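Q: predicted structure and sequence below. I'll ask about it afterward.
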Amino acid sequence: MEFGIFVQGYVGKRAETDPEAEHKALMEETEYVIQADRSGFKYAWASEHHFLEEYSHLSANDVYLGYLAHATERIHLGSGIFNPLAPVNHPVKVAEKVAMLDHLSGGRFEFGSGRGAGSHEILGFMPGITDMNHTKEIWEETIAEFPKMWLQDEYVGFQGKHWSLPPRKVLPKPYGRSHPAMWYAAGSPTSYAMAGRMGLGVLGFSVQKVSDMEWVVESYKTAIKEAKAVGDFVNDNVMVTSTAICAETHDKAVEIAAGGGLNYLQSLLFRYHDTFPRPEGVPEWPELLPEYSTEIIELLIQEELMICGDPDEVRAQCGRWERAGADQLSFGLPIGISYEDTMNTIKLIGEHVIPAVDTDPVHRTTRFRQAAGS
């Protein structure tokens, strides 16, 4: 199992007291990715969200990832996501950005796509729609066109219901063999099997505890065996996300987690991701989840809803996801905790956890891409 981190420009309540909170959040997260690169993490994922105040101010992630392409050496940089819906980003411009980032990163780019966070975001670009499933139709019409744009010398063009393009040379072409690995951001269990049938990797950003996810991962692994890939190769990959806090001792890690404002982050998540299933007990915004005490943190650890503890404990908790079939575990780093504690988490996981779990020096997606281009 490989490891990654996930950044999204989370500002939270800091803006109430610090006029530079937005800037600091974005700059700190670039440093987290740079440190993750040095610490042996293989992937970094950057969100694309719009209008989601406090929750995610990382709207221009192509610009952000272009900077990181120069600031890092080995880590793969992924769009988590690029939104390819024509009312948000014209598909051809998305294809161009993917290929450009593939060049700037030296072949380290990963193309994750999806349909947006929820009604607040989607209705900003498509104010006339009444059914959020309308975005699925647009995405399905579009996704298979990207490999054609990248691999055909002159793209044959497209005439669809939601967008069109006459024959054109879409430039630049991707760097080296084939094209970047393709992923889909899955917000519901049925999306995993759908992605598998299309040969796409899954970005599991809405993940429950390990035992509840095992059958979902299995449904993906079953579907991908019969995949009809929309791309040049099958990207047999399940990435799951989890909060991660690692410290020198268990008690210190729990103390950090309890003071990290995780209840506010989770409340914002369900405020904006209103297409996600809402667990029982999660209140409607602006009512917040109660603050997390040390007892609640201990319960979250016990229920496999958080990775938290000393390095040995974190390694064991990661092993549970590996046994469940996850190919990659990506950590959302709680921005409510201090810069120093976050950097310490990255360093400790890089020193004590990754070497014990991820023993393959080559990225999984690199192997798939090289095989396709051979």
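A: Received, thanks.

Q: for the nearest residue to residue 71 once chain neighbours are set aside, give me its contacts.
A: Distances taken as Cβ to Cβ, 6 or more residues apart in numbering place residue 34 nearest to residue 71, at 5.5 Å, with adjacent residues excluded. The C-beta positions use only the backbone N, C-alpha and C, and glycine is treated the same way. Residue 34 is in contact with 68, 71-72, counting by Cβ atoms under 8 Å, 6 or more residues apart in numbering.

Q: for residue 34, which three-state class applies?
A: At residue 34 the chain is in helix, as set by DSSP: H, G, I helix; E, B strand; the rest coil.

Q: can you give me the pLDDT of it?
A: The model reports residue 34 with a pLDDT of 98.

Q: next: the one 3 residues further on.
A: We note a pLDDT of 98 for residue 37 in this prediction.

Q: I figured it hits residue 44, correct?
A: Yes. The pair formed by residue 37 and residue 44 meets the contact definition of Cβ atoms under 8 Å, at 7.5 Å.

Q: common neighbours of the two, please.
A: In contact with both residue 37 and residue 44: 72, 75, using Cβ under 8 Å, 6+ apart.

Q: neighbour count: these two, which is higher?
A: The neighbour count for residue 37 versus residue 44, taken as other Cβ atoms under 10 Å, is higher for residue 44 (27 against 23).

Q: so what's the more buried one up against?
A: 4-7, 33, 36-37, 68, 72, 75-78.

Q: the residue most central in space within the chain: what's it in contact with?
A: What sits nearest the mean C-alpha location of the chain, by Cα atoms, centre = their mean, is residue 80, with 4.0 Å. By Cβ under 8 Å, 6+ apart, the residues touching residue 80 are 6, 45-48, 61, 112, 185, 203, 205.

Q: chain neighbours aside, what residue packs nearest to it?
A: Closest to residue 80 by Cβ to Cβ, 6+ apart is residue 45, at 3.3 Å.

Q: doesn't residue 111 make contact with that neighbour?
A: No. Judged on Cβ under 8 Å, residue 45 makes no contact with residue 111 at a distance of 11.3 Å.

Q: where in the stretch 201-350 of the chain is pLDDT low?
A: 206 (pLDDT under 70).

Q: residue boundaries of the strands in it?
A: Applying DSSP state E, counting those that start in this stretch to the stretch 201-350 of the chain gives strands spanning 201-204, 238-246, 307-309, 328-332.

Q: and these, which is most packed in?
A: strand 201-204 (a mean of 29; mean count of other Cβ atoms under 10 Å).

Q: what residues does it touch?
A: 45, 78, 80-81, 112, 114, 181-186, 191-192, 195-196, 213, 220, 235-241, 327, 365.

Q: try stretch 355-370
A: Taking Cβ under 8 Å, 6+ apart as the rule, stretch 355-370 contacts 1-3, 40, 42-43, 76, 107, 110, 177-181, 201, 233-237, 315, 318-319, 322, 327-328.

Q: give the buried residues for it.
A: 357-358, 363-365, 368-369 (16 or more other Cβ atoms under 10 Å).

Q: also stretch 48-67?
A: Per 16+ other Cβ under 10 Å, stretch 48-67 contains these buried residues: 48-50, 52, 54-58, 61-62, 64-66.

Q: and of those, the nearest to residue 300?
A: residue 55 (20.0 Å; Cβ to Cβ).

Q: ok, that closest one touching residue 268?
A: Yes. Using Cβ under 8 Å, residue 55 is in contact with residue 268, at 4.1 Å.

Q: if anything else comes up later, I'll come back, but that's it for now.
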